[in-house]
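> Below: sequence and its predicted model.
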Amino acid sequence: MTKSDPPLVALSDIPTAIGLLTRFPVPGQHGTRMAQAAWAYPLAGLLPAGLAALIGTAAMWSGLPAPLTALLALAAMVITTGALHEDGLADTADGLWGGWDRDRRLEIMKDSRIGAYGVIAIAFSLAARWAALSLLFEQGIGAAVTALLGVAVLSRAGMPVLMAALPHARETGLSHKVGQVRPATAGLAVATGLVLGLALLGVAGVWAAVWAALTTLALGLIARAKIGGQTGDILGAAQQLAEIALLFSLLA
């Protein structure tokens with residue numbers, strides 16, 4: 001690191017990451033260390049997942065069946081993240097599969113309207129996560145809570161990797177505003193996600209992390225081939241697909 005390089009880690013990175021990825025009102029230096037704060041993305045996932053875990057625990061203790069408990073937990077995560085990742089998944093599905101060339105795909109992804117591919121992608125994501133969470137809550141509160149927290153950190157660890165490995169596909173948008181992420185920052189995000197994820201999930205988290213990594217890699221390769229890089233929508237889609245892969249692997 002040269003004298004001109006900012007420090008790899010700062011305490012302000014955590015509220016910055018939380019402010020960027022969730023709807024929780026937190027102070028943070030959102031304009032000065034947005035790229036450097038990417039290492040804290042896994043930590044930001046603990047807040048929506050933690051609230052979902054509390055709601056799920058209360059619902060189970062009150063006697064609600066597992067499917068309804070899972071629905072409440074899932075709703076909590078969607079609301080507290082502002083459906084940020086779901087929106088990215090929908091735009092990615094519409095753009096990557098609805099356009100015939102790079103420019104048209106990017107134009108579709110920027111459009112606030114949602115198409116058939118986007119609707120199907122969100123429906124699949126919600127249904128897949130609800131079904132998986134239902135089965136986890138049927139296994140017990142402990143299994144569901146550790147899964148919620150572990151999946152939250154691991155599913156966000158790959159986002160900085162895509163930000164470091166792929167160029168910006170456009171000169172505008174949230175990802176471009178955040179800036180280019182250094183490989184060291186991406187590596188720290190992965191390390192943070194793995195340490196927390198494996199501490200929560202144990203041995204099962206190893207294969208879960210592998211499947212999440214493969215899913216993220218596949219999406220990154222597709223994005224590079226179809227639009228020449230990454231956008232905020234691609235990052236949101238990566239989180240969603242990794243979350244689904246993680247939940248499914250924990251039930252395999």
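On my side now, so go ahead.

> which helices and strands sit right next to the helix-or-strand element of the chain with minimal mean pLDDT?
Lowest by mean pLDDT, DSSP states H and E among the helices and strands of the chain is helix 174-178, with a mean of 74. For helix 174-178, the packing partners by 3 or more C-beta pairs under 8 Å, 6 or more residues apart in numbering; DSSP states H and E come out as helix 232-251. Backbone N, C-alpha and C define where each C-beta goes, glycine included.

> So which elements touch the helix it packs on?
Against helix 232-251 (3+ C-beta pairs under 8 Å, 6+ apart) you get helix 84-98, helix 116-139, helix 141-157, helix 159-165, helix 174-178, helix 204-227.

> buried sites along that helix?
For helix 232-251, burial by neighbour count (16 or more other C-beta atoms under 10 Å) applies to 232-250.

> Contacts for the least confident helix or strand of the chain, please.
Leu20, Met34, Ala35, Ala38, Met163, His168, Arg170, Gln230, Thr231, Gly232, Ile234, Leu235 (C-beta atoms under 8 Å, 6 or more residues apart in numbering).

> Give me the angle between the host helix or strand of Val195 and helix 204-227.
Using DSSP states H and E, Val195 maps to helix 183-201. Helix 183-201 runs at 140 degrees relative to helix 204-227, counting by axes from the mean of the first three to the mean of the last three C-alpha atoms, to 10 degrees.

> List the contacts of helix 183-201.
Counting by C-beta under 8 Å, 6+ apart, 8-9, 35-36, 38-43, 46, 146-147, 149-151, 153-154, 156-161, 163-165, 205-206, 208-209, 250 sit against helix 183-201.

> Kindly report the same for stretch 9-27.
28-30, 33-34, 36-41, 43-45, 47-48, 79-82, 84, 156, 178, 188.

> With the flanking residues excluded, which residue is spatially nearest to Leu96?
Of all residues beyond its chain neighbours, the one nearest Leu96 is Lys226 (5.1 Å), with distances taken as C-beta to C-beta, 6 or more residues apart in numbering.

> cool, Val26 as well?
Val26 sits nearest to Pro15 (C-beta to C-beta, 6+ apart), 4.3 Å away.

> Which of the contacts of helix 174-178 lies at the shortest distance from Leu72?
Taking C-beta to C-beta as the measure, Leu72 sits nearest to Leu20 out of the contacts of helix 174-178, at 25.3 Å.

> What residues of the least confident helix or strand of the chain count as buried?
Ser175, His176, Val178.

> Check the offset of the strand or helix carrying the residue nearest to Val26 from the chain's centre.
Here Pro15 sits within helix 13-21, counting by DSSP H and E. Mean C-alpha position of helix 13-21 versus that of the full chain (C-alpha atoms, centre = their mean, to the nearest Å) differs by 13 Å.

> Taking helix 232-251 as reference, get the angle to that helix.
Using the same axes, to 10 degrees: helix 13-21 against helix 232-251 is 100 degrees.

> Okay, now the unreliable bits of this structure?
1-4, 28-31, 173 (pLDDT under 70).

> Just give me the residue closest to the centre of it.
Gln239 (2.9 Å; C-alpha atoms, centre = their mean).

> and that one, how far is that from Ala169?
17 Å (C-beta to C-beta, to the nearest Å).
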